[in-house]
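Fold the following for me, if possible:
(one chain, ligands or ions: 1)
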Amino acid sequence: MSHTGTTTISFTVREPSGAPLTSYRRGAGPHTGIHLIIVRRDLGLIIHRHPPIGATGRIAQPVDFTSPGPYRLLVDVYPAVKGAPRNFQLHANLRVAGAYHPKPLPAFAAVDTVDGYRIALRVPKRIHPIDPVTLTATITNPGGKLVTFHPWFGALAHAIFFRAGTLDYFHTHVCGPNTPGCTSIFGGAKVVGRPAGPGKLNVGVLLPVAGTWRLFLQFQDRGRILTAPFTLQVR
Ligand SMILES: [Cu+2]
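Got it, this is the predicted structure:
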């Protein structure tokens, strides 16, 4: 049990032998280290951090919880260990004390406004499971100008997907010239997004199962991290 306000989440990932995992992928691009993603169960809120990893393998990340309720804590691990998978996920549940009023997900809306930023998303008529598609986002800042994207956590933009109910997870990126090794792999398929001109992002999507999914599109503008959520139907 946690409380609203700042809480430090700390953990150590262990290898099958029980020894702490201390060797993580490094370098350019987003597929390094540890990604800590925390979502409220109703997908109304997301927190995404790439915490530093201590020499002993211990991770301690302060997190600001602004709202009570049940959360899923997902740790996406990129080990640099021979024979280990490229990445794998671990998860845990966490409760932030207080009254929880889950909100039903809104229907798909093509335009999202976040802190004065306008994010317009072009989505194909149908999205099928395991069928790669590209969504195009056009983003303007509060002054109405197209945003210039700068890398954040190794990518120009992060697209984090959670399925409503089961909280299945998928993650793709929009990669720039300075963010190599940015492609996501799912089974035999590869998904990558590319910038598509000023203020425009092509976001690669490949969702494993049908259902209602919440896309959290994250990008940086002038040091601010913006998160634009969208509801997507996969059938
Ligand atoms: Cu990412």
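
got any ranges where this protein has weak pLDDT?
Scanning the chain for pLDDT under 70 picks out the ranges 1, 180, 186-188.

who in it is up against the ion?
30, 158 (C-beta under 5 Å from the ion). Quick note: C-beta positions are derived from backbone N, CA and C, even for glycine.

at 6 Å what do you get?
Neighbours of the ion within the chain, by C-beta under 6 Å from the ion: 30, 153, 155, 158, 171, 173.

wait, which of these is closest to Val203?
His173 (8.7 Å; C-beta to C-beta).

Quick check, that closest one in contact with Pro151.
No: counting by C-beta atoms under 8 Å, no contact exists between His173 and Pro151, whose distance comes to 10.0 Å.

Find residues that contact each of these two.
Listed as contacting both His173 and Pro151 by C-beta atoms under 8 Å, 6 or more residues apart in numbering are Thr179.

Between the two, tell me which one has more neighbours.
His173 (28 against 20; other C-beta atoms under 10 Å).

give me the beta-bridge partners of that one?
As for beta bridges, His173 partners with His158 under DSSP bridges.

Could you do Val133 as well?
In this entry, Val133 is beta-bridged to Val205, by DSSP bridges.

do you know how far Met234 is from Ala189?
One correction, residue 234 is Val, not Met. 15 Å (C-beta to C-beta, to the nearest Å).

should've said Ile47
28 Å.

More neighbours: which of the two?
Set side by side, Ile47 and Ala189 show more neighbours around Ile47, with 18 against 12, by other C-beta under 10 Å.

Can you tell me, leaving aside adjacent residues, what's nearest to the more buried one?
Sequence neighbours aside, Ile38 is the residue nearest to Ile47 in space, at 4.3 Å (criterion: C-beta to C-beta, 6 or more residues apart in numbering).

Can you name the next helix or strand after the helix or strand hosting that neighbour?
Using DSSP states H and E, Ile38 falls within strand 34-40. From strand 34-40 onward toward the C-terminus, using DSSP H and E, the following helix or strand is strand 46-49.
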